[in-house]
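> After the sequence you'll find the predicted model.
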Amino acid sequence: MPREFYSASEAAQTLGISLDTLRRWDRQGRIKTKRDSSNRRIVTAKEIDRLRGDDTKRHMSARNRFSGIVREVKVEGLIAQVEMVVTEPAVLTAIVTADSVSELGIQPGNHIVAVIKATSVMVEH
């Protein structure tokens, strides 16, 4: 039977963020947490799925997929640099068009998936 709740540290690890980031997101209202009987933060499996953007109905065909959280987006002219934390301290940086960043609505804190296929890296949100 699947779990319904995760501890804050388990949720942070699943999302590829630090525990401090999870706490900050909670204070900012970016993640919905609850409290257990000992007043510790817990996160529902549904909330983790929401933040991860899990949607098994649409995926590009590729064997190498890296799920992570956007740390920084730099847009200069037609090009954008998207930096995502895959599993701390591992960071993946992709150069994509500024239009792609805009169309996908990529912002720091978003969950995205980097798809590695041949010599290209594609980002889906």
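Sure, I can see it.
> CA only for contacts and neighbour counts going forward, please
OK.
> pLDDT of the longest strand along the chain, averaged?
The longest strand of the chain (DSSP state E) is strand 64-76. For strand 64-76, mean pLDDT is 85.
> what is the spatially most central residue of the chain paired to in the beta sheet?
Geometric centre of the chain, nearest residue: residue 111, 2.3 Å, by C-alpha atoms, centre = their mean. Going by DSSP bridges, residue 111 is paired in beta bridges with residue 69.
> Residue 123 reaches residue 117, doesn't it?
No - Residue 123 lies out of contact with residue 117 (C-alpha atoms under 8 Å); the separation is 11.0 Å.
> Among these two, which residue is more densely surrounded?
residue 123 (22 against 14; other C-alpha atoms under 10 Å).
> Spit out the contact partners of the more buried one.
112, 113, 114, 115 (C-alpha atoms under 8 Å, 6 or more residues apart in numbering).
> before we move on, back to that, tell me who's in contact with the residue nearest to the centre of the chain.
Applying C-alpha under 8 Å, 6+ apart, the residues contacting residue 111 are 15, 51, 52, 53, 67, 68, 69, 70, 125.
> Looking at this structure, which helix is longest?
For the chain, the longest helix by residue count, based on DSSP state H, is helix 19-28.
> and that one, what other elements does it pack with?
helix 8-15 (3 or more C-alpha pairs under 8 Å, 6 or more residues apart in numbering; DSSP states H and E).
> Report the rounded mean pLDDT for the helix it packs on.
Helix 8-15 comes out at a mean pLDDT of 86.
> Output the contacting helices and strands for that helix.
helix 19-28, strand 41-44, helix 45-52.
> May I see the buried residues of it?
8, 9, 11, 12, 14, 15 (16 or more other C-alpha atoms under 10 Å).
> do the same with stretch 103-119
For stretch 103-119, by 16+ other C-alpha under 10 Å, it's 106, 107, 109, 110, 111, 112, 113, 114, 115, 116.
> Relative to residue 66, how far out is residue 117?
To residue 66, residue 117 is 12 Å away according to C-alpha to C-alpha, to the nearest Å.
> and stretch 71-86, how far apart are its ends?
For stretch 71-86, the end-to-end distance is 10 Å (C-alpha to C-alpha).
> Show me the contact partners of it.
16-17, 66-70, 91-99, 101, 106-109, 112.
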